[in-house]
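>>> model this:
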Amino acid sequence: MTNAARLAGGVMAMAFAVVATRGLEAQAAPAAVPAGATPLPGALPAPPPGPGLAIINERCSVCHTTASVFGQRKTPDDWAATVQLMVDRGADLSPDDMNVVIGYLASNYATEPAKPAG
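Next up, the predicted model:
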């Protein structure tokens, strides 16, 4: 077998693995429900508006579904670690984008709801 044939086979195997993984993730993660719609059991509510939402929809969805993001609850430190891990794995986020995304996720998808100031 030539090197070109081996390389082509490896590329095909990687492409299949990516497609298969994305398909499994899409099946496992419940879809977000549009605002005003009646959610089905297991469906996620629509994500709240905010400056980080556009970045998440644009950049995070390159590798995985946004439902896999919005279905999680983490502490602010855990969100920061997760976003840093994604950047380390190749996510295209500037330091400013990272701060916006972390702030959005920590405010809207924390392990416990934010307490009112007072």
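>>> which element is Glu112 on?
For Glu112, there is no enclosing helix or strand under DSSP states H and E.
>>> how close does it get to Arg73?
Look at Glu112 and Arg73: by C-beta to C-beta, to the nearest Å, they are 8 Å apart. (C-beta placed from N, C-alpha, C; glycine too.)
>>> ok, the two, which is more surrounded?
Comparing Glu112 with Arg73 by other C-beta atoms under 10 Å, the one with more neighbours is Arg73, at 14 against 7.
>>> List the residues that contact that one.
Taking C-beta atoms under 8 Å, 6 or more residues apart in numbering, we find Arg73 in contact with Tyr109, Ala110, Thr111.
>>> same check, this time on Met86
So Met86 contacts Cys60, Cys63, Leu93 (C-beta under 8 Å, 6+ apart).
>>> The last one: what secondary structure?
The one in question is Leu93. coil (DSSP: H, G, I helix; E, B strand; the rest coil).
>>> Give me the local confidence score for it.
Note on Leu93: pLDDT of 96.
>>> Nearest to Pro45 among the contacts of Met86?
For those, the closest approach to Pro45 (C-beta to C-beta) belongs to Cys60, at 17.9 Å.
>>> pLDDT and distance to Asp97 added to the contacts of Arg73, as TSV?
Formatted as TSV, those follow (pLDDT from 0 to 100; distance: C-beta to C-beta, whole Å):
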residue	pLDDT	distance to Asp97
Tyr109	95	17
Ala110	92	20
Thr111	89	23
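>>> Any of these buried? List them.
Buried members of these, counted by 16 or more other C-beta atoms under 10 Å: Tyr109.
>>> Look up how far Cys60 lies from Thr2.
The gap separating Thr2 from Cys60 is 39 Å, by C-beta to C-beta.
>>> Nearest to Leu105 among the contacts of Met86?
Cys60 (10.0 Å).
>>> just to revisit the earlier point, check the contacts of Met86 for burial and list the buried ones.
Cys60, Leu93.
>>> Next, format the contacts of Met86 as TSV and append distance to Ile102.
Below are the contacts of Met86 laid out as TSV (distance: C-beta to C-beta, whole Å):
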residue	distance to Ile102
Cys60	12
Cys63	17
Leu93	10
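>>> what's the closest of the contacts of Met86 to Asp78?
The nearest one, if we look at the contacts of Met86 relative to Asp78 and count by C-beta to C-beta, is Cys60, at 15.8 Å.
>>> Much appreciated, bye for now.
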